Every structure is written in C-alpha cells, then in structure tokens.
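In: The following block contains a protein sequence and its predicted model.
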Amino acid sequence: MSKLLWKALLAAPAAGVAFAVSSVAVAAETAPNLSLTVQAEPVQLAQITSVSELTDVSPSDWAFQALQSLVDNYGCIQGYPDRTFRGSRALTRFEFAAGLNACLDVMAVLISQSGIPPEELAAIRRLQEEFQAELATLRGRVDALEAETATLRAQQFSTTTKLRGQADGTLIAPFNSVNTAPIGGVEDSFSFEGRARLNFDSSFTGQDRLRIRLQAGSGNRALRAWNGLANSGGADYDVTVDDFFYRFPVGNRVTATLSARGLQGGDWVTSTIVPFDGPAVADASGPLFYDAGGISSNAVGGGVNIAFTDSVVLDLGYSSAYGNAGNPAVGVFDSTTPQSVIAQLNFVPEGPFNAAIVYMLNNRSSTFALNNTGLAAPGGKTNTYAGLVSLDFGRFFVAGHGAYQDFQGGSDFSWTAGAGLNDLFLEGSQLGVYGGQLPQLARYRENPWIIEGYYEIPFNQFVTLTPAVVAGDAGVAGAPDSRGIWGVIRTTFRF
C-alpha cells in the first residue's frame with residue numbers, strides 16, 4: 001500500500017504542473033488564432049479494468065507497460081466507447097481533465113482508507129527535497145510561459161484580423177523589337193514591374209470575412225496589348241485601397257458579398273475553372289472575356305454564390321462603376337453609369353471533370369473607352385456567352401474556354417486552350433502551356449494571339465519563382481512588327 005500511496009502523492013504535483021503547462025501552451029496558441037471555432041461532440045469516456053480491453057493497444061507499444069501499471073495498480077485509465085485508447089492523437093483539455101479527475105479520485109480513496117504513517121511522511125519529504133531542483137525548474141518554465149502569453153495578448157495585432165502580404169517582382173526581356181501601337185507603343189528593352197499587397201482579413205463569426213487590401217505597384221506596361229501581366233497593377237507605387245468587401249454566409253448553401261471596391265466580372269465567380277489562371281505570368285490566362293468590355297476596378301456592387309449541391313454552384317454578381325463617386329444623383333443602380341452583370345453556373349465535382357457556362361452583360365457609356373487596364377473596350381452594351389472546361393487527372397490536366405461577344409458595331413469570338421503537368425520534379429510545381437485568340441478589343445485591331453509556356457517552382461511556402469516564355473501577335477492590321485517573343489521571370493513572396 002505504501003508504494004501506491006507514494007506514487008499517488010508524487011503524481012499529484014506533477015499532474016498539476018502538467019495541467020498548468022497545458023493551459024499556458026493552449027492559450028499561447030489560440031490567442032491570435034482566427035480559425036473557425038469547432039464545437040466537438042461530447043464523448044462519454046468508459047472506465048476499463050484491463051489494458052487488454054483497449055483494441056488499439058498492444059504489448060509492442062512503447063507505453064504499454066505504463067498503461068498496464070496505471071490500470072492494474074490504480075484503475076484510473078479510461079477509454080473511448082468503441083474500446084480504443086487513441087494514444088497517438090493529441091489530448092484535449094476536456095479529456096485531460098477527465099483522466100486527471102479519475103486518478104485523483106483513486107488518490108483520495110487511498111489516503112482516506114489507510115492514513116499516512118510517519119515513516120512514509122518522512123520518505124515523501126525526502127523525495128521532495130531530492131526533486132526540489134526539478135520542481136523549481138518546472139515552476140520557472142510555467143512562470144515564463146505565463147509571462148510570454150501575457151505579452152502576446154497585450155501586443156497582438158488583433159484578435160479578429162489576420163495580416164497577409166504578397167510581393168511580386170517580374171523581369172521582362174523582349175527577344176525582338178515589338179510595335180504594339182496605338183495601345184502599348186514599342187517594347188524593345190528590359191523592364192521590371194513590381195506589385196505589393198497587404199490583405200487585412202477579419203472574421204467576426206468564424207465563417208465571414210471582411211477584406212481590406214492595400215496595394216501599390218509600378219503599373220501594367222509590359223505586354224499591354226495582351227492585357228499585361230497577371231500579377232501587376234497600380235501606378236508609380238501609390239498606395240490605394242484595391243479591395244474592400246464583406247462576405248458572409250446566408251444559411252448553409254448561400255454566401256453573399258457586398259463590395260465597396262475592387263470586385264467586378266470574374267471576381268464574383270467561384271472558379272475560373274482553367275488551372276493555368278494564377279500560375280501563368282500573362283493576364284491572358286484569366287481568361288480575358290471576364291474583362292473585355294467590362295468596367296473599372298473601382299466598382300461597387302454585390303453578389304451571391306448559391307450551392308444547390310456540393311457540385312453545382314450558381315454565381316451572380318452586379319457591379320456599378322460610379323456608384324461610389326459621392327454624387328447623390330448617381331446611384332448604384334443608375335442606368336446611365338457603366339454597369340456589369342454576371343451569371344455563372346459551375347459544375348465542380350470531386351472527379352477530374354469541371355465545367356461552367358457564363359453570361360455577362362456590360363453596359364458602358366462611351367464608345368471604345370479605355371478600361372482600367374488601359375486597353376480599348378467597346379462602348380454601349382456587350383453581351384458575353386462563354387463556356388469553360390477542365391480535365392484534371394492529378395498529375396496531368398487539359399483545359400480551355402470559348403467566348404462569344406456581341407457589342408456595338410460587331411461581334412467577336414475568343415478562346416484559349418492549354419495543358420500542363422503538376423508536381424513535375426518538385427512537389428507543388430506546375431509546368432503549363434496555353435494559347436489562343438484573345439478578345440477583339442477595338443474596331444481598328446484584329447484579334448491578338450498569345451502562346452505562353454511557364455514553370456511555377458515553389459521553393460517553400462513563402463517564395464515561388466516562375467520563369468516563362470511568351471509569344472504574341474498584337475493584332476495590329478498590316479503591322480508585321482507587332483509580333484514578338486519575351487522571356488519573363490516572376491518572383492512571388494508571401495508573408
């Protein structure tokens with residue numbers, strides 16, 4: 001009995017220290033966390049009388065002897081209702097409290113039934129003196145953790161907001177002199193474009209998101225006749241609010257978005273389907289029909305995403321270019337201002353086949369006015385009918401789209417198609433090639449053509465390098481010098 005009592009009394013302070021360390025560690029991890037709060041279902045633990053009752057514990061497990069001793073000598077080990085112990089998973093604080101309480105109950109019974117003889121008290125004092133240094137060390141570590149936790153809580157940026165950043169630097173080298181007048185002029189030398197973004201993402205319920213994005217960049221000058229680069233924007237590195245919207249769930253299958261700035265066209269959709277949209281360096285990977293005939297990025301509007309099933313999603317969005325101009329006579333739904341409406345029906349099952357059909361109506365107030373990218377776009381109304389498809393087999397994919405547009409004074413058909421390999425030589429990498437005929441952006445131009453080959457290389461979770469080769473024909477009628485080839489290297493930093 002005396003051995004059991006000594007072990008019980010010695011286990012009590014150790015258990016208390018473990019509980020304190022567990023409390024501080026969990027607090028330090030969760031204080032700045034913005035992840036969704038998940039309510040675990042209650043689990044009624046069951047007392048076991050023999051370690052053999054645990055179906056997932058065997059004599060070859062490294063802790064088998066310790067479990068057997070606790071069961072045989074103290075009877076304070078509990079298992080799950082399915083007779084498992086789950087020894088390799090993390091312990092929740094509720095489970096720790098339940099196990100500690102069971103052992104403390106055994107200790108209380110041992111003390112009340114037998115008392116403590118003087119020789120055992122002397123032995124306990126001797127053991128306390130022998131382990132005094134270790135206990136002091138543990139106490140000091142707990143105090144240090146509590147102090148660090150208090151500092152983190154006092155100095156944390158926000159309890160509701162996460163700050164995420166991205167910086168892109170792109171070096172562009174033309175292999176020949178390219179005349180893209182009247183849109184882009186002549187491109188015949190090395191150029192560099194940079195863009196920096198800071199995203200402030202806030203959540204107030206765990207399932208909503210308020211995003212405010214600050215952005216600054218050098219502009220979008222290279223490849224301008226093909227709508228420029230994908231990761232470019234801004235002008236003269238002036239800091240602007242590029243995105244300002246709030247997204248929140250309405251029930252289980254509807255998500256609503258209200259935008260004061262930054263969302264229009266393809267920004268409202270669940271997915272653009274084509275997998276080279278993002279890894280590729282040219283904005284033509286977009287696809288561009290979302291932008292052609294559209295309105296500027298300072299639009300205000302709203303949208304909803306309706307998931308009829310896990311695979312079928314309907315996206316609806318409305319944008320007004322000048323609803324935020326501050327003029328009470330020009331409202332969000334004023335028909336005299338440039339407006340854009342989009343509806344996209346997505347079929348996105350877990351298998352390799354994804355597809356979508358799109359309708360867009362853009363209403364511009366001027367004929368062939370310049371949109372926010374600097375490219376000419378037809379005035380009046382532009383109707384867009386498009387289809388997108390992707391076959392992703394894991395390591396290999398093929399994808400593309402086709403879009404028909406009718407606008408004031410004509411109509412146009414554009415398309416892209418491409419293929420690629422995922423995880424080539426390096427996990428997370430993507431080698432891709434796509435090309436196609438871009439939208440006709442002005443009546444005095446033919447349809448531009450583009451072909452791009454790229455290889456996205458993730459060095460780690462923070463740095464990605466993407467070398468690419470881009471070939472294009474700007475579509476300037478009667479101008480053979482509007483064709484060119486570029487070498488491009490983009491470096492992306494995420495922090």
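Out: Arrived safely, thanks for sending.

In: Please report how far the residue nearest to the spatial centre of the chain lies from A102.
Out: Per Cα atoms, centre = their mean, the C-alpha nearest to the average position across the chain is that of R164, at 10.2 Å. Remark: distance between R164 and A102 (Cβ to Cβ, to the nearest Å) = 44 Å. Placement of C-beta: from N, CA and C, glycine included.

In: One more: S414?
Out: S414 is 69 Å from A102, by Cβ to Cβ.

In: and stretch 426-443, average pLDDT?
Out: Regarding stretch 426-443, the rounded mean pLDDT is 86.

In: got it, and stretch 239-251?
Out: Here stretch 239-251 scores 94 as its mean pLDDT.

In: List the buried residues of that stretch.
Out: Neighbour counts over stretch 239-251 (16 or more other Cβ atoms under 10 Å) mark 240, 242-248 as buried.

In: just stretch 282-301 next, same as before
Out: Applying 16+ other Cβ under 10 Å to stretch 282-301 flags 282-301 as buried.

In: what are the ranges of the strands in the stretch 51-200 of the chain?
Out: For the stretch 51-200 of the chain, applying DSSP state E, counting those that start in this stretch gives strands covering 78-79, 161-174, 178-179, 186-187, 191-202.

In: and these, which is most packed in?
Out: For those, average neighbour numbers computed from mean count of other Cβ atoms under 10 Å are highest in strand 178-179, which has a mean of 20.

In: Return the list of helices and strands in contact with that strand.
Out: In this structure, strand 178-179 packs against strand 186-187, with contacts taken as 3 or more Cβ pairs under 8 Å, 6 or more residues apart in numbering; DSSP states H and E.

In: Mind listing the strands the strand it packs on pairs with, and their directions?
Out: Partners of strand 186-187 in the sheet, by DSSP bridges, are strand 178-179 (antiparallel).

In: in its sheet, what does the helix or strand containing T384 sit against?
Out: Element membership for T384, per DSSP states H and E: strand 380-392. According to DSSP bridges, strand 380-392 forms sheet pairs with strand 353-364 (antiparallel), strand 396-407 (antiparallel).

In: any chance of those in CSV, with distance to Q156 and mean pLDDT too?
Out: Listed next are those as CSV, based on distance: least, Cβ to Cβ, whole Å; pLDDT from 0 to 100:
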stretch, distance to Q156, mean pLDDT
strand 353-364, 40, 92
strand 396-407, 41, 94
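
In: Just put those strands in a markdown table and tack on mean neighbour count.
Out: Output for the strands paired with strand 380-392, formatted as a markdown table (neighbours: other Cβ atoms under 10 Å):
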| stretch | mean neighbour count |
| --- | --- |
| strand 353-364 | 20 |
| strand 396-407 | 20 |
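
In: distance between the ends of stretch 448-468?
Out: 19 Å (Cα to Cα, to the nearest Å).

In: Now do it, average pLDDT.
Out: pLDDT averaged over stretch 448-468 gives 96.

In: circling back: export the strands of the stretch 51-200 of the chain to JSON lines and tack on mean pLDDT and distance to L67?
Out: Below are the strands of the stretch 51-200 of the chain laid out as JSON lines (pLDDT from 0 to 100; distance: least, Cβ to Cβ, whole Å):
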{"stretch": "strand 78-79", "mean pLDDT": "78", "distance to L67": "10"}
{"stretch": "strand 161-174", "mean pLDDT": "94", "distance to L67": "41"}
{"stretch": "strand 178-179", "mean pLDDT": "80", "distance to L67": "73"}
{"stretch": "strand 186-187", "mean pLDDT": "82", "distance to L67": "71"}
{"stretch": "strand 191-202", "mean pLDDT": "95", "distance to L67": "44"}
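
In: gap between the nearest residue to K381 once chain neighbours are set aside and G409?
Out: Using Cβ to Cβ, 6 or more residues apart in numbering and skipping the chain neighbours, the partner closest in space to K381 is N363 (5.2 Å). According to Cβ to Cβ, N363 and G409 sit 15 Å apart.

In: how about the strands in the stretch 251-400 of the chain?
Out: Going by DSSP E, counting those that start in this stretch, the stretch 251-400 of the chain shows strands at 254-261, 300-307, 312-320, 339-347, 353-364, 380-392, 396-407.

In: Tell me which of those strands lies nearest to P81.
Out: Closest approach to P81 among those is made by strand 300-307 (34.0 Å; Cβ to Cβ).

In: residues of that closest one that come out buried?
Out: Within strand 300-307, the residues that count as buried by 16+ other Cβ under 10 Å are 300-303, 305-307.

In: what about the helices in the stretch 201-350 of the chain?
Out: Shown for the stretch 201-350 of the chain, no helices are assigned by DSSP state H, counting those that start in this stretch.

In: Residues in a beta bridge with the residue nearest to the centre of the chain, which ones?
Out: Assessed by DSSP bridges, R164 has beta-bridge partners N199.

In: check contacts around it.
Out: R164 makes contact with 198-199, 201, 494-495, according to Cβ atoms under 8 Å, 6 or more residues apart in numbering.

In: now it: how far from L54?
Out: 44 Å.

In: buried set for the strand holding T384?
Out: Buried, per 16+ other Cβ under 10 Å, within strand 380-392: 382, 384, 386, 388-392.
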